[in-house]
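> Dropping the sequence and predicted coords here.
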Amino acid sequence: MITNSSVFNSTQIWLEFSAQQQNQAWENSQSFSLPSSRWNAYLNQICLTTVLPWLQEEYAPKAKVWPNNAALPSFWEVVNGTAIVLDNTRFVLIPSEAIDRSELRVPQEWVDIPSWMADYYLAVQVNPDDRCVIIWGYASHEQLKQGFYDVSDRTYSLPQENLIHDLNVLWLARQLATEEITRAEVTPLAILPQAQVENLLQRLGNLAIIEPRLAVPFELWGALLEHGGTRQQLYYRRMGLPQQQSIVNWLRTGVSEIAQQIGWKRIESQPDFAGAKGVELTEGEAILSRQLQIAGQQYELQVFPLKNLEQQTWRFQLQNSAPGGVIPGGFKLRLLTEDLHPFAGNEDVALTAQERLYIDVCLAPGEGLVWEIEPFPENYDREILHF
Amino acid sequence: MRYYAIINGVSMRPRQNITDLFSTFIQFNADRFSHWITEPKLRRSMENAITWLQQTEGSESFWVLYWYKYWQTEANNFSKFHLTAYLQESCYWAAQKTSDNFSSNQYTLSDCFQIAIANLDTVLNGYNPTQGFPLKNYASAIFSSTIRNLLRDRLEVNISTTWSLLRRISQKRLVESLQQAGLSEEKIATYVLAWKCFKTLYLPEQATGTRKLPTPDKATWEAIANYYNQQRIAQLQPGASEVNSEILEKWLTNCAKAARNYLYPPVVSLNASKPGQETDEFIDSLPETAAESLLTEMIAQEEVQNRAVQIESMKTVLDGAITKLDPEAQNIINLYYGQNLTQQQIAQQLEIKQYTVSRRLTKIRESLLLALAQWSQDTLHISPNSNVLKDISIVMEEWLKDNLSNSNF
């Protein structure tokens, strides 16, 4: 075996993965558009399923994927790297199959999209033949920004001698409470108007575009990805999947598999249905529900039609999942158009603790909405719901 | 004087004085140390410098700093050779330990020595004298990892097919390989683009077997050529011509060849690692103001030298931290650093998995690094930020080898 440990420095983290893990990763990687995306997903999945459990076991039981597992395919389809959060610190694992560990090369997306940027970037060599991964160095966002930017593949890179090779340095620097600047400034990206989004999706959804991330200027590309809803849609388009986020379809024929992974469920309204007051919704009618974790507590976001489906009047409602539980003062439920514009009556705010928050909206068929809640739920990733 | 200990039956006569330390080189014979050979120009340069500074010989650390500072100012190209001379032993022992550690005997000591010393720039660029860690410790650590990395790369490259190699090389390494092969900037840009197209379109079709990738089929070559021809317009200089799949295959084969050759640089005589045509009058030609400002800076560095003395006592702190480890942990680091066993050998001996050894070592190192960081925070009032911790981590690695192998002899 080539990964004879004599060739490793003790500062490198050497982790093995099982044949089963490998097979699972291979199987999962088949649902991507092109061979390059499949291979990218495969390496990232191996990397994640090996590094995350180790991280949880050795350093941080609370470490988890960012934004959430269901969102990963829409990242891996177009870009290398997987983010992990641990309290307020974000790490991006950058898997590579390169034998020589000469450089850490990070896609611009992870550096310059404001909501994506991380504190630390970990260089991970994935070796499928020997079933092991090696974490051999890391750098901060600040360091990477001072590194070399390659315009031809839109990456920031640092040579190996500029990385820190001992991951213990990272934990200790945090532990010894030295306040270090890990992030550099980045320029905010504009929000794209809906017509432009549609144009981009049309163009980049075409598989003739082999590397969509390099096909349009970064400002547009970054903005398209930063909005979770449009990032998901790009993935659906490239996969040739029909509209996955259709509320009307979910109610009629059941929640799509992808939406189930996100956490949406179709349930029947209960006799004591909280939303029933003053609303003509009979018991046993279908409503859509998603569990959310906000500030350590369980809440439920519900979406259902008022009266009947044809009238296109909808209610978004947030309530505490616990019986008798309330929405604390200060919580906000907000709806936005697809391209993130507010509109009249789009917000309900809990001034004091109250039973629920809700917004009623009247929509044209096919129209899309984005919901937001403050404080932000855990694992929040913007989604566009179509009606 | 354990630094000059007899290791594996090879004795190395220590150099007697400061002038020798900065002006002599190891002479090899039958792949082992033979004797020290003086480079007259460097000797003269040292003697001149001593006279000019009206110094008695001074301390080793003074001269290390002196030549290091000169190297930084880029005013004097002898400085690098003085430092090369100084680091001969560090390099020799790093080469010896690493080559012994490799089971196959295809890597000679002098081969490893050459790999390491060729990387002196990495040592000098990465070294931070203001933290007070000894240059030779820092250099040993970098030399060791340089050798290990290169030998590991060779092992991998030797058993990879051309197409696997091309998929599993970093862009940086590819560019360096092509530069070493003497290609022009423009040609390199062309090759790199071809390589990127190859990487995007030729992918493994199985979960394993990434070292044994077969030659791409005709359709794949066509696709790569098409993609290249599309991309070249935006990515290359105007005038980059359209290519067909045969040319592309040839280019990529050249890339792989260059990448292999990169790991086997042409052997230059080891005993030629000395200055060549430089004039003898560098001291005279040095602008006096530059020399003066250098001296002023050196005086300011006294504080650093004081710190260097304090840092010596960190070794004692490290010893203390080691004795506080539990017996199992002591055993593991003794086997690893003291007896120089591989993680695999330790795993066999302790009947645990290799990755468990790797994890334990990491944890042990973490606790030792913490002890050193806290001590330097409390005693030296050095804030343990990432840069400081990084250097402590690198030097600690050498101290562990030093301390533990010493206690075993």
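Received the coordinates, thanks. What you see is a predicted model; the values in this text were computed from it and never measured. Residues are numbered from 1 along each chain as shown, chains lettered A, B, ... in the order given.
> Tell me the pLDDT of residue 340.
Since no chain was named, I'll use chain A. Listed pLDDT for A:L340 reads 94.
> Not quite, go with chain B.
81.
> What strand or helix carries it?
Using DSSP states H and E, B:N340 sits within no helix or strand.
> What's the separation between it and chain A?
In this structure, B:N340 and chain A are 9 Å apart, going by C-beta to the nearest C-beta, to the nearest Å. C-beta coordinates here come from the backbone N, C-alpha and C atoms, glycine included.
> What residues does the stretch 151-300 of chain B have near chain A?
With C-beta under 8 Å from any C-beta of the partner chain as the criterion, the stretch 151-300 of chain B meets chain A at residues B:151-153, B:155-157, B:159-160, B:165, B:167-173, B:176, B:193, B:196, B:200-201, B:203-205, B:207-211, B:227, B:235.
> just the buried members of the residues you listed?
Those of these that meet the buried threshold are B:151-153, B:155-157, B:160, B:165, B:167-173, B:176, B:193, B:196, B:200-201, B:203-204, B:207, B:210-211, B:227, B:235, by 16 or more other C-beta atoms under 10 Å in any protein chain shown.
> now the strands: where do they sit in the stretch 51-200 of chain A?
A:64-66, A:82-86, A:89-96, A:103-107, A:120-127, A:132-140, A:148-150, A:155-159 (DSSP state E, counting those that start in this stretch).
> could you redo those as JSON lines and give each row distance to chain B, mean pLDDT and mean neighbour count?
Listed next are those as JSON lines, based on distance: least, C-beta to the nearest C-beta, whole Å; pLDDT from 0 to 100; neighbours: other C-beta atoms under 10 Å in any protein chain shown:
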{"stretch": "strand A:64-66", "distance to chain B": "21", "mean pLDDT": "96", "mean neighbour count": "18"}
{"stretch": "strand A:82-86", "distance to chain B": "17", "mean pLDDT": "97", "mean neighbour count": "21"}
{"stretch": "strand A:89-96", "distance to chain B": "7", "mean pLDDT": "97", "mean neighbour count": "22"}
{"stretch": "strand A:103-107", "distance to chain B": "4", "mean pLDDT": "98", "mean neighbour count": "24"}
{"stretch": "strand A:120-127", "distance to chain B": "8", "mean pLDDT": "97", "mean neighbour count": "25"}
{"stretch": "strand A:132-140", "distance to chain B": "8", "mean pLDDT": "95", "mean neighbour count": "23"}
{"stretch": "strand A:148-150", "distance to chain B": "8", "mean pLDDT": "97", "mean neighbour count": "14"}
{"stretch": "strand A:155-159", "distance to chain B": "6", "mean pLDDT": "97", "mean neighbour count": "21"}
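> and of these, who's closest to B:C112?
Nearest of these to B:C112, taken as C-beta to C-beta: strand A:132-140 at 20.6 Å.
> packing partners for the closest one?
Helices and strands touching strand A:132-140, by 3 or more C-beta pairs under 8 Å, 6 or more residues apart in numbering or on different chains; DSSP states H and E, are strand A:13-16, helix A:35-58, strand A:103-107, strand A:120-127, helix A:167-175.
> of those, which approaches B:G182 most closely?
Ranking these by proximity to B:G182 (C-beta to C-beta) places strand A:103-107 first, at 22.1 Å.
> just the angle between the closest one and strand A:89-96, please?
If you take axes from the mean of the first three to the mean of the last three C-alpha atoms, to 10 degrees, strand A:103-107 sits at 110 degrees to strand A:89-96.
> Direction included, what does strand A:103-107 pair against?
Strand A:103-107 sits in its sheet next to strand A:155-159 (antiparallel), going by DSSP bridges.
> which residues sit against the strand it pairs with?
A:102-108, A:111, A:139, A:143-145, A:147-150, B:171-172 (C-beta atoms under 8 Å, 6 or more residues apart in numbering or on different chains).
> now do 7 Å
Residues outside strand A:155-159 that contact it (C-beta atoms under 7 Å, 6 or more residues apart in numbering or on different chains) are A:102-108, A:111, A:139, A:143-145, A:147-150, B:172.
> Repeat that for stretch B:174-184.
Outside of stretch B:174-184, the residues within contact range by C-beta under 7 Å, 6+ apart are B:I188, B:Y191, B:V192, B:W195, B:C255, B:A258, B:A259, B:N261, B:Y262.
> Buried members of the residues you listed into ChimeraX, please.
Per 16+ other C-beta under 10 Å, the buried members of these correspond to this ChimeraX selection:
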select /B:188,191,192,195,255,258,259,262
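> Name the pair among the contacts of stretch B:174-184 with the greatest separation in space.
For the contacts of stretch B:174-184, the farthest-apart pair by C-beta to C-beta is B:V192 and B:N261; their separation is 17.0 Å.
> Would you map out the domains in chain A?
Following automatic domain parsing, chain A resolves into domains at A:6-175, A:194-239, A:247-386.
> Just name the most buried of the ones you listed.
The highest mean neighbour count among the domains of chain A, using mean count of other C-beta atoms under 10 Å in any protein chain shown, belongs to domain A:6-175: a mean of 20.
> ok, for the most centrally placed residue in chain A, nearest residue in space, not its chain neighbours?
Taking C-alpha atoms, centre = their mean, the centroid of chain A lies closest to A:P67, which sits 3.4 Å from it. Among residues not flanking A:P67 along the chain, A:D381 sits closest, at 3.9 Å (C-beta to C-beta, 6 or more residues apart in numbering or on different chains).
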